[in-house]
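S.K.: give me the fold of what follows.
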Amino acid sequence: MRVLDCRARLGDPGAGRQAYAQGHIPGAVHADLDRDLADPPGSNGRHPLPTRERWLATCRRWGLNDEDAVVTYDDVGGAFAARAWWMLRWLGHSNVAVLDGGLHAWQRIQPGPLQTESPVPAPGNFSDRTPLTRTVAAAEITPGTHSTLVDARVSARFEGQEEPIDHTAGHIPGAVCLPNGDNLTADGYFKPASELHARFAGLSEDIICYCGSGVTAAHNILAMVSAGLPEPALYPGSWSEWIEDPSRPIATGS
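M.R.: Predicted coordinates:
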């Protein structure tokens, strides 16, 4: 079993590395949101997917092998761990899971010091297989069609009341707001599958998930898959890419 520490803070690129150095689950390697799980920001969003080749090389550097079970975790209910979960499935790896409850859950059952040494694994043989995921590009999104756009951001950002990160507020016209945080119980665990199923079951079968930069949208995808629903597509560029083209429509309000 391989473990990936995916802790991060949006707007603070060094926070995840610092948290990892201060203590992590034994044997875990750090999966850096900005350096490993994304390419540099630009016109295609704040956290664009790396090329499959670069992502594959990263997985091999971490010592991942095709036969490994992989567990990802963070300390915010899986918001960042779900990105790594999705990206491993993007390379066709099915034996991957998110640690429910994250680091806090681990420490509840394993009280004691965390590991501070960083493992140096031998290179792995991870391979690029048929994706288990689906993606859509901005050019493939036509608001008002039969597809359902699901926005994982909080309602204040969706409605355009505030925008603390991106330069333009609002949402893609026709989208529905289903914040990823509502997938969790008050103590940070995923809600039961029956509740998650009820949350998403009323949507169309053709769902496209997005958020601010394609990170927390994967949390909604994980919730739907965990509930036994068909896996939706991810719009990786999400809102931060959508607003870079002034010809794309923008909506505000609920």
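
S.K.: center of the protein, which residue is that?
M.R.: With distances taken as CA atoms, centre = their mean, the residue of the chain nearest its centroid is Arg83 (2.6 Å).

S.K.: got a list of contacts for the host helix or strand of that one?
M.R.: Assigned by DSSP states H and E, Arg83 belongs to helix 81-90. Residues outside helix 81-90 that contact it (CB atoms under 8 Å, 6 or more residues apart in numbering) are 4, 6, 31, 33, 37, 47, 49, 52, 55, 59, 70, 72-74, 96-99, 102, 131-133, 135, 214-216, 218-219, 221-222, 234. For glycine as for every other residue, the C-beta is placed from the backbone atoms N, C-alpha and C.

S.K.: in helices, which of these appear?
M.R.: Cross-referencing the contacts of helix 81-90 against helices under DSSP state H gives 52, 55, 59, 102, 218-219, 221-222.

S.K.: distance of Arg129 from Cys59?
M.R.: Arg129 sits 12 Å away from Cys59, going by CB to CB, to the nearest Å.

S.K.: where do the contact lists of these two overlap?
M.R.: By CB under 8 Å, 6+ apart, the residues touching both Arg129 and Cys59 are Leu91.

S.K.: more neighbours: which of the two?
M.R.: Cys59 (28 against 13; other CB atoms under 10 Å).

S.K.: for Asp32, see how far away the more buried one is.
M.R.: Distance, Cys59 to Asp32, using CB to CB: 13 Å.

S.K.: thinking again about what came up before, just the CA atoms of the helix holding Arg83, as PDB, please.
M.R.: C-alpha atoms of helix 81-90 as PDB (Å, rounded to 0.1, in the frame of the first residue of the first chain):
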ATOM      1  CA  ALA A  81      -7.000  14.200  -1.700                       C
ATOM      2  CA  ALA A  82      -9.900  13.700  -4.200                       C
ATOM      3  CA  ARG A  83      -7.800  15.500  -6.800                       C
ATOM      4  CA  ALA A  84      -5.100  12.900  -6.500                       C
ATOM      5  CA  TRP A  85      -7.700  10.100  -6.400                       C
ATOM      6  CA  TRP A  86      -9.200  11.400  -9.700                       C
ATOM      7  CA  MET A  87      -5.800  11.900 -11.300                       C
ATOM      8  CA  LEU A  88      -4.700   8.300 -10.500                       C
ATOM      9  CA  ARG A  89      -7.900   7.100 -12.100                       C
ATOM     10  CA  TRP A  90      -7.200   9.400 -15.000                       C
END
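
S.K.: same question for it, mean pLDDT?
M.R.: Taken as a whole, helix 81-90 carries a mean pLDDT of 98.

S.K.: same check on stretch 140-148?
M.R.: 83.

S.K.: what ranges do the helices span in the stretch 51-200 of the chain?
M.R.: Taking DSSP state H, counting those that start in this stretch, the helices of the stretch 51-200 of the chain run over residues 52-61, 81-90, 102-109, 155-158, 193-200.

S.K.: the last one packs against which elements?
M.R.: This means helix 193-200. Other helices and strands packing on helix 193-200, by 3 or more CB pairs under 8 Å, 6 or more residues apart in numbering; DSSP states H and E, are helix 217-226.
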